[in-house]
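Q: the sequence and its predicted three-dimensional model are supplied below.
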Amino acid sequence: MTSHPELNHSARGVRIWLVTVIAMVFAMVVVGGITRLTGSGLSMVEWEPIMGVVPPLSEADWNAAFEAYKQYPQYRLTHPGMDLAGFQSIFFWEYVHRVLGRAIGMAFALPFFWFLARGSFQRPLAIRLAFALLLGGMQGLVGWLMVKSGLVDEPRVSHFRLAAHLGLALSIMGYLMWVLLSLRPQTQGPRDDGAGIPRRLLAGLGVLLVLQIVYGAFVAGLHAGWGYNSFPRMGERWVAEAVLAMDPWWMSLLEDHATVQFMHRLLGTLLLLGVAGVWFRYRQSARDGLQQRFLHLFFGLVCLQYALGVYTLVNVVPLVPAVMHQGCAALVVLAFVGVLSRASSRDGTSASGAISQLRQT
């Protein structure tokens, strides 16, 4: 392994920082899954970006928070008669979720401005990282808009806003992974015996992956996983009678529980078959060793994700497998970005060659 001539202490520090933030975003995705599955997401009925980091500390504070919660639909319709201890149990996960979000913001922003002040970034890399900071701020707003949708008439957040919230979290994580890989020093050139995976194939897999994640969020938001808990059939039929039964039919793709679950099954199967085909065809002729390792990882994680999805469905959404299913989706995204980043390289260097965008310090 050879070191890049511009690889210095600052560059290593940037990579460690990005790995840490990616790990924190992954933890956020997992905690978000727990929050959703335990019904904790609507327990904090106010958005206080600054003061909200301090939890209720006294009995009076807890009673005030509980009284505020009682004014909203989840208490009246889902948890009538809940006591203070029950409220505290659901409050916990939403509180952890929000505090972790703030911690991620600080863990990204403070080192970013420190590196920027030291002149560690050249302009193109600084712009990319500033864009990531902007995305993080947007994520906080999208998360609150999602929660707010469940504080109106029904104690259920909009599945569209849930999809936006989850999709943005995975996008931030994938984007940071892309930047991280661009900072990797070159260890070897492209293989002479293979041109790598065609980008059109990866583009197709990318579309399937995005649609599958969106429909996974729809399934979660509509609680569509609590029905048709058999596989591969939906009850006695391969395609449930309720699929595409709404008028107009295309509304079923967005609102109908049976159709949304069917689409999630279909897209997941197509993604699995597509990834398996690409892996079988290009496992020995990837662009370089790094792409080959990411391809193996991508295929393995998609297989695991599919198995976790089936297990979660047939067992009527148990907490731990369901959370593992959401966490595995995040790992699938990271592995796909790894495969894609090497395919986007034109000269055998990593991603965009942005290591040259780190100044010598």
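A: Sure thing, it's come through.

Q: which helix in the protein runs the most residues?
A: Secondary structure of the chain per DSSP state H: the longest helix is helix 84-118.

Q: after it comes which helix or strand?
A: Next in sequence after helix 84-118, counting helices and strands by DSSP states H and E, comes helix 123-149.

Q: quick one, the host helix or strand of residue 200 and helix 123-149 angle?
A: Under the criterion of DSSP H and E, residue 200 resides in helix 199-222. Orientation of helix 199-222 against helix 123-149 (axes from the mean of the first three to the mean of the last three C-alpha atoms, to 10 degrees) gives an angle of 30 degrees.

Q: could you pull out the buried residues of helix 199-222?
A: 202, 205-206, 208-209, 211-222 (16 or more other C-beta atoms under 10 Å). From N, CA and C alone the C-beta is placed, and that goes for glycine too.

Q: how about stretch 271-280 as PDB, C-alpha atoms only?
A: C-alpha atoms of stretch 271-280 as PDB (Å, rounded to 0.1, in the frame of the first residue of the first chain):
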ATOM      1  CA  LEU A 271     -33.700  -5.900  -6.300                       C
ATOM      2  CA  LEU A 272     -32.500  -9.200  -5.000                       C
ATOM      3  CA  LEU A 273     -32.500 -10.800  -8.400                       C
ATOM      4  CA  GLY A 274     -30.800  -7.800 -10.000                       C
ATOM      5  CA  VAL A 275     -28.000  -7.600  -7.400                       C
ATOM      6  CA  ALA A 276     -27.500 -11.400  -7.600                       C
ATOM      7  CA  GLY A 277     -27.200 -11.100 -11.400                       C
ATOM      8  CA  VAL A 278     -24.700  -8.300 -11.300                       C
ATOM      9  CA  TRP A 279     -22.700 -10.100  -8.600                       C
ATOM     10  CA  PHE A 280     -22.600 -13.300 -10.500                       C
END
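
Q: any idea of the mean pLDDT for it?
A: Average pLDDT, stretch 271-280: 95.

Q: now do the longest helix of the chain, average pLDDT.
A: So the average pLDDT for helix 84-118 ends up being 90.

Q: quick one, phi psi at residue 237?
A: phi -120, psi 150 (degrees, to the nearest 10).

Q: neighbours around it, how many?
A: 11 (other C-beta atoms under 10 Å).

Q: circling back: packing partners for the helix holding residue 200?
A: Secondary-structure packing of helix 199-222 (3 or more C-beta pairs under 8 Å, 6 or more residues apart in numbering; DSSP states H and E): helix 159-182, helix 257-282, helix 319-343.

Q: next SSE after that helix?
A: Using DSSP H and E, the first helix or strand after helix 199-222 is helix 252-255.

Q: need the contact partners of that following helix.
A: Helix 252-255 has contacts (C-beta atoms under 8 Å, 6 or more residues apart in numbering) with 218, 222, 243-246, 258-260, 263.

Q: try 10 Å this time
A: 159-160, 215, 218, 222, 242-246, 258-260, 262-263 (C-beta atoms under 10 Å, 6 or more residues apart in numbering).

Q: give me the buried entries from these.
A: 159-160, 215, 218, 222, 242-244, 246, 258-260, 262-263.

Q: ok so, going back, which of the contacts of helix 252-255 sits closest to residue 109?
A: residue 160 (28.7 Å; C-beta to C-beta).

Q: surely that closest one meets residue 220?
A: No. If you go by C-beta atoms under 10 Å, residue 160 and residue 220 don't touch, sitting 12.0 Å apart.

Q: tell me which strands and helices the least confident helix or strand in the chain by mean pLDDT is in contact with?
A: When the helices and strands of the chain are scored by mean pLDDT, DSSP states H and E, helix 73 comes last with a mean of 79. Using 3 or more C-beta pairs under 10 Å, 6 or more residues apart in numbering; DSSP states H and E, no helix or strand is in contact with helix 73.

Q: and that helix, how far out from the chain middle?
A: Its chain's C-alpha centre and that of helix 73 lie 28 Å apart, by C-alpha atoms, centre = their mean, to the nearest Å.

Q: can you tell me what sits against it?
A: 42, 150-156.

Q: which among these end up buried?
A: Here, 16+ other C-beta under 10 Å leaves 42, 150-151, 155-156 buried among these.

Q: circling back: closest to residue 56 among the buried ones among the contacts of helix 252-255?
A: residue 159 (30.2 Å).

Q: without its sequence neighbours, what residue ends up closest to the closest one?
A: residue 221 (2.6 Å; C-beta to C-beta, 6 or more residues apart in numbering).

Q: go on, residue 334?
A: residue 177 (5.2 Å).

Q: same thing with residue 238?
A: That would be residue 232: by C-beta to C-beta, 6+ apart, it lies 7.4 Å from residue 238.

Q: okay, now that neighbour: neighbour count?
A: Quick note: residue 232 (other C-beta under 10 Å) scores 8 neighbours.
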